[in-house]
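Novice: got a sequence here, can you build the structure:
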Amino acid sequence: MCRGGSEGRAAAVIILGLTGSIGMGKTTAADAFQRLGVPVFDADQEVHRLLVRGGAAVTDVEAVFPGVVADSAVDRGALGRRVFGDTDALKRLEEILHPRVRASRARFLRAARARGESLVVLDIPLLFETGGETQCDYTCVVSAPEFVQANRVLRRPGMTPEKFSGVLSRQMPDAEKRRRADFVVRTGIGKRYSLQHIKRIVTMLRKRVEGGRAPSPNRCR
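Specialist: Numbers count the residues shown, from 1 in each chain. Below is the predicted model of the structure:
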């Protein structure tokens with residue numbers, strides 16, 4: 001279990017960091033948490049908002065990567081081609097996006113506290129890679145067998161084995177994420193199983209907030 005600064009959060013709110021490598025089913029898991037009434041902050045969705053027409057990062061991205069903006073919005077395909085395989089370019093992009101994402105996340109947490117939420121989820125693809133687990137009380141990793149992951153990813157439009165390999169090279173190995181996580185949700189054996197597992201996690205953490213004695217996170221692996 002991780003215990004960090006959490007941007008001054010109130011003790012009554014539990015922050016669960018949700019992550020997982022590409023193709024592991026994180027989006028489906030985030031949707032399940034939302035259906036159970038848990039507010040979810042989606043870091044990828046926030047990046048999307050920053051790059052669309054009128055987005056707060058469009059001007060700065062164009063200044064650093066001329067030619068990637070079309071019709072007042074960032075062409076994510078063009079931007080991806082500019083930063084793919086270029087560590088320095090990716091770092092410059094992150095310097096533009098990450099502070100804005102963090103600010104949005106802080107607003108999300110303040111609003112959740114004001115509403116009296118007992119549990120929230122931070123959906124962050126590179127949670128461990130960026131040290132984001134220090135902002136969480138618990139972490140949850142979604143995982144699936146390698147062949148399931150590859151089958152899911154390679155069916156995506158425009159995806160190639162080379163691109164897939166490049167993405168994986170920037171992500172922490174799945175085994176290491178599972179080792180670090182408080183909860184591991186297996187997504188390769190049916191949505192019903194995954195949903196039941198997520199329900200147990202939500203129940204466990206809400207009981208902790210309500211003053212009940214929650215079992216050890218490791219029992220939910």
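Novice: can you pull out the strands in this protein?
Specialist: Using DSSP state E, the strands of the chain run over 14-19, 40-42, 69-70, 73-74, 119-123, 138-143, 183-186.
Novice: tell me which of those strands sits nearest to residue 28.
Specialist: strand 138-143 (7.9 Å; C-beta to C-beta). The way it works is simple: take the backbone N, C-alpha and C, and place the C-beta from them, glycine included.
Novice: okay, now the domains of this structure?
Specialist: Following automatic domain parsing, one gets these domains for the chain: 1-39+118-221, 49-116.
Novice: mind checking the end-to-end distance for the shortest one?
Specialist: For domain 49-116, the separation between the terminal residues is 26 Å (C-alpha to C-alpha, to the nearest Å).
Novice: just give me the neighbour total for residue 116.
Specialist: 9 (other C-beta atoms under 10 Å).
Novice: from residue 127, how far out is it?
Specialist: 25 Å (C-beta to C-beta, to the nearest Å).
Novice: got it, and residue 181?
Specialist: Counting by C-beta to C-beta, the gap from residue 181 to residue 127 is 9 Å.
Novice: so where is the protein shaky, pLDDT-wise?
Specialist: Along the chain, the parts satisfying pLDDT under 70 run over 1-12, 211-221.
Novice: find the centremost residue of the chain, please.
Specialist: residue 124 (1.8 Å; C-alpha atoms, centre = their mean).
Novice: next up, the contacts around it.
Specialist: With contact taken as C-beta atoms under 8 Å, 6 or more residues apart in numbering, residue 124 is in contact with 17-19, 43, 130, 132.
Novice: repeat the analysis, applying 10 Å as the threshold.
Specialist: 17-19, 26, 41-44, 101, 105, 130, 132-133, 135-136, 139 (C-beta atoms under 10 Å, 6 or more residues apart in numbering).
Novice: which of those residues sits closest to residue 79?
Specialist: Distances from residue 79 to the contacts of residue 124, taken by C-beta to C-beta, are shortest for residue 44, at 14.1 Å.
Novice: burial measure for that closest one, as a count.
Specialist: 13.
Novice: separation between it and residue 26?
Specialist: 9 Å.
Novice: and what of residue 96?
Specialist: Counting by C-beta to C-beta, the gap from residue 96 to residue 26 is 24 Å.
Novice: one step back: pick the most deeply packed of the domains of the chain.
Specialist: domain 1-39+118-221 (a mean of 17; mean count of other C-beta atoms under 10 Å).
Novice: and the residue nearest to the centre of the chain, what are its phi and psi?
Specialist: phi -130, psi 110 (degrees, to the nearest 10).
Novice: what's the distance between it and residue 81?
Specialist: Residue 124 is 24 Å from residue 81, by C-beta to C-beta.
Novice: how about residue 26?
Specialist: 24 Å.
Novice: how many residues are close by the nearest residue to residue 104 once chain neighbours are set aside?
Specialist: Once flanking residues are discounted, residue 104 sits nearest to residue 46: 5.0 Å by C-beta to C-beta, 6 or more residues apart in numbering. By the measure other C-beta under 10 Å, the count of residues near residue 46 is 19.
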